[in-house]
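Peer 1: Sharing a model that was predicted from the sequence below.
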Amino acid sequence: MASGHNNKAECQGTSYHVQTEVRGAEHPFIDTTVFCGGKVLHRRTNSYHDLLPLTPEGEKTLQQRTDAQHLGILEEVRSGALKLAPVVPPPAPHAGVAPSSDGLEIQLLNQANWLVAGQARLEVQVRARSTRASLAGARVEAHIEGSATPAQFTAQTGPDGQARLNFPMPRLAGSEAALVLFAAYGPQHAQLRFQLRAKPKAPAAGN
C-alpha cells in the first residue's frame, strides 16, 4: 500500500498541518486534510478505484497520485491559493479553564488498537490534572524512538481536548524502541511512554 504524508505549511504567519492518507481497498480513496489549531479547515478526496485490484504497477501509480495530491495541496496552502477560514487562537492558559499547578494529564484513548496494518492512528486526550477539564489548543507530539529514520508528528487538541495523529508506522531498528507522547499547554507539559517491539528478522535460508 502507498504511504501517506504529514507536513507543516506556513502562510502569512499561520502554520497549518497537511495530512494525506491512503485508505484500504474496501474504501479506495486518497484523503488529504488541512488542520489548524486542531480544527479541520479543508478536506480533499480522490478515488483510486480504477487501480483495483492493485498490481505492482498500480501500487506505483497510487504512490505517484498520493504524492502529487499532497504536494499540490501543500503548495496551494503556502501560496494562499487555497482559501482557508481564519482560525480563532485558543485562549491563553490563564483565560478560562487552565491547568492547575500540578500540570497536565495525557491519555492514549485507543491504547489497545492504535496500530493496525502498519498505520498508526493515535487518539490522544489532554486534561488539567486536578480539575480533569479537557483543554483545547494543547500541542501534542508523537515521537517514535528507535525508528530507522527520525519520526515526529504533531497536532493540536480540538474543543473536546482531543488530538488525532495518523501516520504510517516507521520501521523499528532497535530493541529499545518506544512511542513517546508529549503534550504542552502554556508552561505545563506531560509525557507518556510505551515500549515497542521490533519484528524479529526472518532466519536466513538454510539456518
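Peer 2: Cool, the structure landed. Residues are numbered from 1 along each chain as shown.

Peer 1: ok, what's across the strand from the residue nearest the centre of the chain?
Peer 2: Nearest residue to the geometric centre of the chain (CA atoms, centre = their mean): residue 165, 2.6 Å. Here residue 165 sits in beta bridges with residue 122, going by DSSP bridges.

Peer 1: dump the residue contacts of it.
Peer 2: 120-122, 124, 140, 142, 153-155 (CB atoms under 8 Å, 6 or more residues apart in numbering). Just so you know, the C-beta spots here come from the backbone N, C-alpha and C atoms, and that holds for glycine as well.

Peer 1: Going by distance to residue 29, which of the residues you listed wins?
Peer 2: Nearest to residue 29 among the contacts of residue 165, counting by CB to CB, is residue 121 at 15.8 Å.

Peer 1: and that closest one, how many neighbours?
Peer 2: By other CB atoms under 10 Å, 15 other residues sit near residue 121.

Peer 1: Quickly note the distance from it to residue 127.
Peer 2: In this view, residue 121 and residue 127 are 21 Å apart by CB to CB, to the nearest Å.

Peer 1: ditto for residue 21
Peer 2: Distance from residue 21 to residue 127, by CB to CB: 27 Å.

Peer 1: Flag the shaky bits of the protein, pLDDT-wise.
Peer 2: Along the chain, segments meeting pLDDT under 70 span 1, 37-38, 87-102, 174-175, 198-207.
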